[in-house]
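Asks: Sharing a model that was predicted from the sequence below.
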Amino acid sequence: MTTELRNATTDPQAERFWEALEAAMLAKNEAALRGLRAIKSAILLAKTADGKQGELSTDDEMKLLQKLAKQRKDSLDVFVAQNREDLAQKEREELAIIEKFLPKQMDEAELRAALQGI
C-alpha cells in the first residue's frame, strides 16, 4: 500500500516526505521514523475520514502538520513540568521532524519589521 500511496502523488511536499521516510529507514534513525510515521498515520486517517474522497488539499495538509506540531509542543510542556526529560526529548525530536515540513515561521524581529511596513 505504501508504494501505491507514493506513486499516486505528484505533490512535491509529499515526495519530499517519502524521500525523508526512506532515508530515515535506511539510516535506522528512530527519532525521524517516529515523527514521519506520525505524519503518515495522521494523513492516512484524514484521507479516510468521513466526507473525504481520499484526497487532502495543501491547506488541509498544513493544518494537519500544525496540529501535530501543537500536540508535540503541548506534550513537551507537560513532560518538562513533570521533570520527564526522557519523554520530553522524544517529543523534541518528533517536533523537529514535523517542523521540517511546515513553512518557516517568522521570528520576532521579522514580524516587527513586517508590521512596521504596514
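Replies: The structure has been received and is ready for your questions. Residues are numbered from 1 along each chain as shown.

Asks: tell me what whatever helix or strand residue 59 lives in is packed against?
Replies: Using DSSP states H and E, residue 59 sits within helix 58-81. Helix 58-81 sits against helix 30-47, helix 85-99, with contacts defined as 3 or more CB pairs under 8 Å, 6 or more residues apart in numbering; DSSP states H and E. From N, CA and C alone the C-beta is placed, and that goes for glycine too.

Asks: pLDDT weak spots in the protein?
Replies: Applying pLDDT under 70 to the chain flags residues 1-10, 52.

Asks: ok, now which ones touch the most centrally placed residue in it?
Replies: For the chain, the residue nearest the mean C-alpha position is residue 98 (2.9 Å; CA atoms, centre = their mean). By CB atoms under 8 Å, 6 or more residues apart in numbering, the residues touching residue 98 are 35, 38-39, 65, 68-69, 72.

Asks: Make JSON lines from the residues you listed and add distance to residue 13 and neighbour count to it.
Replies: Below are these laid out as JSON lines (distance: CB to CB, whole Å; neighbours: other CB atoms under 10 Å):
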{"residue": "35", "distance to residue 13": "15", "neighbour count": "27"}
{"residue": "38", "distance to residue 13": "16", "neighbour count": "16"}
{"residue": "39", "distance to residue 13": "11", "neighbour count": "21"}
{"residue": "65", "distance to residue 13": "9", "neighbour count": "21"}
{"residue": "68", "distance to residue 13": "14", "neighbour count": "23"}
{"residue": "69", "distance to residue 13": "15", "neighbour count": "18"}
{"residue": "72", "distance to residue 13": "19", "neighbour count": "22"}
